[in-house]
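Peer 1: sequence and predicted model, in that order:
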Amino acid sequence: MQMLNLQDSLAEPLLEAPGSEPEPPARSVLYEDGKFTAEPALKLAKMKNTICNQKYNLLTFVPKVLYNQFKYFFNMFYLIIAISQFIPVLSVGLLFSYVAPLVLVLVLTMLKEGYEDYQRFVKDK
(Lines give C-alpha, C1' and ligand atoms only; values in the text may rest on other atoms or scores of the structure.)
Protein backbone atom coordinates (compact mmCIF):
# COMPACT_ATOMS: atom_id res chain seq x y z
CA MET A 1 0.00 0.00 0.00
CA GLN A 2 1.30 3.39 -0.94
CA MET A 3 -0.20 6.75 -0.20
CA LEU A 4 0.12 9.28 -2.95
CA ASN A 5 -0.75 12.95 -2.85
CA LEU A 6 -2.13 14.12 -6.14
CA GLN A 7 -3.30 17.48 -7.35
CA ASP A 8 -6.16 17.75 -9.75
CA SER A 9 -4.51 18.91 -12.96
CA LEU A 10 -7.53 20.97 -13.98
CA ALA A 11 -7.32 23.02 -10.78
CA GLU A 12 -3.74 24.10 -11.44
CA PRO A 13 -3.38 27.46 -13.08
CA LEU A 14 -1.64 27.48 -16.43
CA LEU A 15 0.64 30.35 -15.45
CA GLU A 16 1.64 30.96 -11.87
CA ALA A 17 2.37 34.42 -10.63
CA PRO A 18 6.01 35.02 -9.70
CA GLY A 19 6.68 34.51 -6.00
CA SER A 20 3.49 32.50 -5.41
CA GLU A 21 3.66 29.39 -3.25
CA PRO A 22 2.56 26.01 -4.58
CA GLU A 23 -0.86 24.85 -3.46
CA PRO A 24 -1.17 21.95 -1.02
CA PRO A 25 -2.35 18.62 -2.42
CA ALA A 26 -6.02 18.61 -3.32
CA ARG A 27 -6.71 15.12 -1.96
CA SER A 28 -5.13 11.97 -0.62
CA VAL A 29 -5.27 8.87 -2.80
CA LEU A 30 -4.66 5.32 -1.62
CA TYR A 31 -2.98 2.91 -4.01
CA GLU A 32 -4.10 -0.64 -3.24
CA ASP A 33 -4.14 -3.79 -5.40
CA GLY A 34 -3.24 -1.87 -8.54
CA LYS A 35 -6.12 0.61 -8.20
CA PHE A 36 -6.26 4.21 -7.11
CA THR A 37 -9.06 4.96 -4.68
CA ALA A 38 -9.86 8.19 -2.89
CA GLU A 39 -10.07 7.35 0.80
CA PRO A 40 -11.01 9.57 3.70
CA ALA A 41 -8.11 10.58 5.91
CA LEU A 42 -9.82 8.93 8.89
CA LYS A 43 -9.49 5.46 7.34
CA LEU A 44 -5.86 6.12 6.42
CA ALA A 45 -5.08 7.10 10.00
CA LYS A 46 -6.44 3.77 11.29
CA MET A 47 -4.08 1.62 9.18
CA LYS A 48 -1.39 -0.20 11.11
CA ASN A 49 2.23 0.47 10.34
CA THR A 50 3.66 -2.89 11.40
CA ILE A 51 5.98 -5.42 9.85
CA CYS A 52 5.66 -9.14 10.49
CA ASN A 53 8.82 -11.14 9.75
CA GLN A 54 7.52 -14.45 11.02
CA LYS A 55 7.57 -17.40 8.62
CA TYR A 56 5.00 -19.53 10.40
CA ASN A 57 1.85 -19.48 12.50
CA LEU A 58 0.37 -22.28 14.62
CA LEU A 59 -1.47 -23.87 11.70
CA THR A 60 1.31 -23.72 9.12
CA PHE A 61 4.36 -24.54 11.24
CA VAL A 62 4.48 -28.33 10.88
CA PRO A 63 3.43 -28.53 7.18
CA LYS A 64 5.86 -25.83 6.08
CA VAL A 65 8.80 -27.25 8.03
CA LEU A 66 8.13 -30.77 6.72
CA TYR A 67 7.80 -29.48 3.16
CA ASN A 68 11.04 -27.52 3.45
CA GLN A 69 12.85 -30.59 4.80
CA PHE A 70 11.52 -33.16 2.34
CA LYS A 71 12.32 -31.10 -0.73
CA TYR A 72 15.96 -32.09 -0.14
CA PHE A 73 17.01 -35.37 -1.72
CA PHE A 74 18.63 -37.01 1.31
CA ASN A 75 15.72 -36.33 3.66
CA MET A 76 13.31 -37.75 1.09
CA PHE A 77 15.64 -40.74 0.60
CA TYR A 78 15.66 -41.52 4.34
CA LEU A 79 11.88 -41.16 4.46
CA ILE A 80 11.44 -43.65 1.61
CA ILE A 81 13.87 -46.08 3.26
CA ALA A 82 12.04 -45.75 6.60
CA ILE A 83 8.65 -46.35 4.94
CA SER A 84 10.02 -49.36 3.08
CA GLN A 85 10.89 -50.98 6.42
CA PHE A 86 7.18 -51.30 7.21
CA ILE A 87 6.85 -53.78 4.33
CA PRO A 88 7.88 -57.23 5.67
CA VAL A 89 9.52 -58.34 2.40
CA LEU A 90 11.79 -55.24 2.32
CA SER A 91 12.53 -55.12 6.04
CA VAL A 92 16.25 -55.52 6.74
CA GLY A 93 16.81 -54.67 10.40
CA LEU A 94 15.18 -53.04 13.35
CA LEU A 95 12.62 -50.43 12.39
CA PHE A 96 13.98 -48.13 15.07
CA SER A 97 17.38 -47.94 13.36
CA TYR A 98 15.78 -46.50 10.21
CA VAL A 99 13.14 -44.22 11.69
CA ALA A 100 15.10 -42.77 14.64
CA PRO A 101 17.71 -40.79 12.63
CA LEU A 102 15.03 -39.27 10.41
CA VAL A 103 12.81 -38.36 13.37
CA LEU A 104 15.80 -36.92 15.25
CA VAL A 105 16.75 -34.68 12.33
CA LEU A 106 13.15 -33.52 11.86
CA VAL A 107 12.61 -32.81 15.57
CA LEU A 108 15.87 -30.86 15.85
CA THR A 109 15.01 -28.88 12.72
CA MET A 110 11.54 -28.08 14.06
CA LEU A 111 12.99 -26.93 17.37
CA LYS A 112 15.52 -24.71 15.59
CA GLU A 113 12.89 -23.23 13.22
CA GLY A 114 10.46 -22.67 16.10
CA TYR A 115 13.12 -20.90 18.15
CA GLU A 116 14.19 -18.71 15.21
CA ASP A 117 10.57 -17.82 14.42
CA TYR A 118 9.96 -16.94 18.08
CA GLN A 119 13.02 -14.66 17.98
CA ARG A 120 11.57 -12.93 14.89
CA PHE A 121 8.26 -12.53 16.77
CA VAL A 122 10.05 -10.91 19.74
CA LYS A 123 11.99 -8.55 17.46
CA ASP A 124 8.81 -7.48 15.67
CA LYS A 125 7.23 -6.23 18.92
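Peer 2: In hand now; what should we look at?
Peer 1: Val65 against Leu108, yeah?
Peer 2: No - counting by Cβ atoms under 8 Å, Val65 stays clear of Leu108, with 11.1 Å between them. Yep, even glycine has a C-beta here, placed from its N, CA and C like the rest.
Peer 1: in terms of neighbours, single out the busier of the two.
Peer 2: Taking other Cβ atoms under 10 Å, Val65 and Leu108 do not tie; Val65 has more neighbours (19 against 10).
Peer 1: and that one, how far from Asp117?
Peer 2: For Val65, the distance to Asp117 equals 10 Å [Cβ to Cβ, to the nearest Å].
Peer 1: which neighbours do those two share?
Peer 2: Taking Cβ atoms under 8 Å, 6 or more residues apart in numbering as the criterion, Val65 and Asp117 both touch Tyr56.
Peer 1: quick one: buried residues of the lengthiest helix in the chain?
Peer 2: Taking DSSP state H as the criterion, the chain has its longest helix at helix 95-124. Buried residues in helix 95-124, defined by neighbour count with 16 or more other Cβ atoms under 10 Å: Tyr98, Val99, Leu102, Leu106, Glu113, Asp117.
Peer 1: so the fifth one sits against Gln54, correct?
Peer 2: This points to Glu113. No - contact criterion Cβ under 8 Å: Glu113 and Gln54 do not qualify, at 11.0 Å.
Peer 1: and stretch 55-63, what's buried?
Peer 2: Neighbour-count burial for stretch 55-63 flags Tyr56, Phe61 (criterion: 16+ other Cβ under 10 Å).
Peer 1: now stretch 63-70
Peer 2: Val65, Gln69.
Peer 1: which residues in this protein form helices?
Peer 2: For the chain, applying DSSP H gives helices covering 41-46, 61-70, 73-84, 95-124.
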